[in-house]
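Asker: Compute the structure for the input listed below.
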Amino acid sequence: MLVRNRFLAALAALALGATVLATPAHAAVSRAELALRWAPIHHQDVDATGSHALGGRSDYLTAIDFDGNLDGRDNWDRAATAALPAHAYYSVVETSTHWYLTYLFFHPRDWTDHPFFETEHENDGEGVLLAIERDGSTYGVLRGAVTVAHSDFYSYTPAGSTWTSGRESVDGTLQLQASPHDAFTHPVTAQEAQGHGLKAFPQYAINCDGLIHYPSTVAEEPAGGNDRDVRYKVVDIFAAGGLWAQRANASLFASLGTFAGDTSGGCGSGTWGCSANSANAPWGWDDGNDLPGRGELASDPAKLVAEYFTIPGGVSRAYTYNPYADAAAALKEAARTAPPTVD
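Answerer: All right, here's what the predicted structure looks like:
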């Protein structure tokens, strides 16, 4: 009997061990999950005045291939007729201490209804960098943000952040808000109408009509210019065949990091003018008055945040994942020789 009991106990132990071995360890969060979790709740002011506004549709954010192609020189024209479902593009760059998430919000038109002193251009790309400390929790903790408003960068920290002003002064507090579409609080960003400069909410705010976008895996087109619940789809810049893979596509880019755009379709009509090739992807963003070089907000974000903020303990500058680094030399050479853009 004693032998039989020991045999049964051994079988039970083996069964228990098999059960434990069959239960997988908790998987690390994917980059897609990380980008979706931290993607901003995004306010977009809308102006419906003037023929270039398309009744407000010119302020809808959308996919770069919203018209079914990757030709950057027909987007101004086709914005009048094509559907404009909401999208945003993200990239994730990693070090041992931080995740850096860059988000690009794209509009087919940078437009104006003023007849003097302001220019228009085809395509518009502005966005935000979020710095997430890897503190051992699943999604980390948000420490700071830098936004792109035309040719200037603005820095922000959320309440309670350990980061403070560095070489650049912190420009305000980054608010967080709960989303009705998931269980998380998200940073809140906002873009102005027409020129689409991007800052932390409420430094830009909806004046009358406007859209409020929530991150999602689906893309919704606004029901109109005053829709306060629009889901936008987050899309990986580094996806196979995605935006980064298209960086040498001459139909989409006039040069490295600069979208191709021409003056057709009425751009500049009744205004000061229309400029060509004037919008930038993240690896072309630049604040010429600040130390980090062109594109480094996306390609070398650890360098940028070390300049913009005072960070207790500092940050690692050794990247464990950074596809932008594969073209670092080309980016630096392009930054050295590139003409200035107006976005």
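Asker: which residues of the protein score low on pLDDT?
Answerer: Along the chain, segments meeting pLDDT under 70 span 1-27, 327-343.
Asker: Select the longest strand from it.
Answerer: strand 119-133 (DSSP state E).
Asker: Tell me the buried residues in that one?
Answerer: 119-133 (16 or more other Cβ atoms under 10 Å). The way it works is simple: take the backbone N, C-alpha and C, and place the C-beta from them, glycine included.
Asker: cool, stretch 212-226 as well?
Answerer: Neighbour-count burial for stretch 212-226 [16+ other Cβ under 10 Å]: 212-216, 219-220, 222, 225.
Asker: now the end-to-end length of it.
Answerer: 9 Å (Cα to Cα, to the nearest Å).
Asker: and the closest residue to Tyr232 other than its chain neighbours, what is it in contact with?
Answerer: Of all residues not flanking Tyr232 in the chain, Ala86 sits nearest, at 3.7 Å (Cβ to Cβ, 6 or more residues apart in numbering). Neighbouring residues of Ala86 by Cβ atoms under 8 Å, 6 or more residues apart in numbering: 60-62, 213, 219-222, 230-233.
Asker: just these now: which is nearest Trp283?
Answerer: Leu61 (19.4 Å; Cβ to Cβ).
Asker: do you know how far the closest one is from His186?
Answerer: For Leu61, the distance to His186 (Cβ to Cβ, to the nearest Å) stands at 16 Å.
Asker: Looking at those two now, which is surrounded by more residues?
Answerer: Leu61 (26 against 23; other Cβ atoms under 10 Å).
Asker: Could you pull out the helices in the stretch 101-250 of the chain for me?
Answerer: For the stretch 101-250 of the chain, helices defined by DSSP state H, counting those that start in this stretch do not occur.
Asker: distance of the residue nearest the centre of the chain from Ser255?
Answerer: In the chain, the C-alpha nearest the mean C-alpha coordinate belongs to Tyr103, at 0.7 Å (Cα atoms, centre = their mean). In this view, Tyr103 and Ser255 are 23 Å apart by Cβ to Cβ.
Asker: I'd guess Ala302 is in a strand, am I close?
Answerer: No: counting by DSSP: H, G, I helix; E, B strand; the rest coil, Ala302 falls outside a strand, being helix.
Asker: What is the neighbour count of the closest residue in space to Asp74 that isn't next to it in sequence?
Answerer: In space, not counting the residues next to it along the chain, Asp74 is nearest to Asp67; the distance is 6.8 Å by Cβ to Cβ, 6+ apart. Counted with other Cβ under 10 Å, residues neighbouring Asp67 total 19.
Asker: Surely Asp67 touches Arg78?
Answerer: Yes: here Asp67 lies in contact with Arg78, judged by Cβ atoms under 8 Å, at a distance of 4.1 Å.
Asker: got any residues that touch both of these two?
Answerer: Overlap of the contact sets of Asp67 and Arg78 (by Cβ under 8 Å, 6+ apart) is empty.
Asker: Can you tell me the SS state at the residue nearest to Asp74?
Answerer: Quick answer, by three-state DSSP: Asp67 is coil.
Asker: mind listing what it touches?
Answerer: Asp67 is in contact with 74-75, 78, 82, counting by Cβ under 8 Å, 6+ apart.
Asker: May I see the residues you listed arranged in a markdown table, with distance to Val92 and secondary structure as well?
Answerer: A markdown table is the format used below for the contacts of Asp67 (distance: Cβ to Cβ, whole Å; DSSP: H, G, I helix; E, B strand; the rest coil):
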| residue | distance to Val92 | secondary structure |
| --- | --- | --- |
| Asp74 | 31 | coil |
| Asn75 | 26 | helix |
| Arg78 | 30 | helix |
| Ala82 | 29 | coil |
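Asker: Much appreciated, bye for now.
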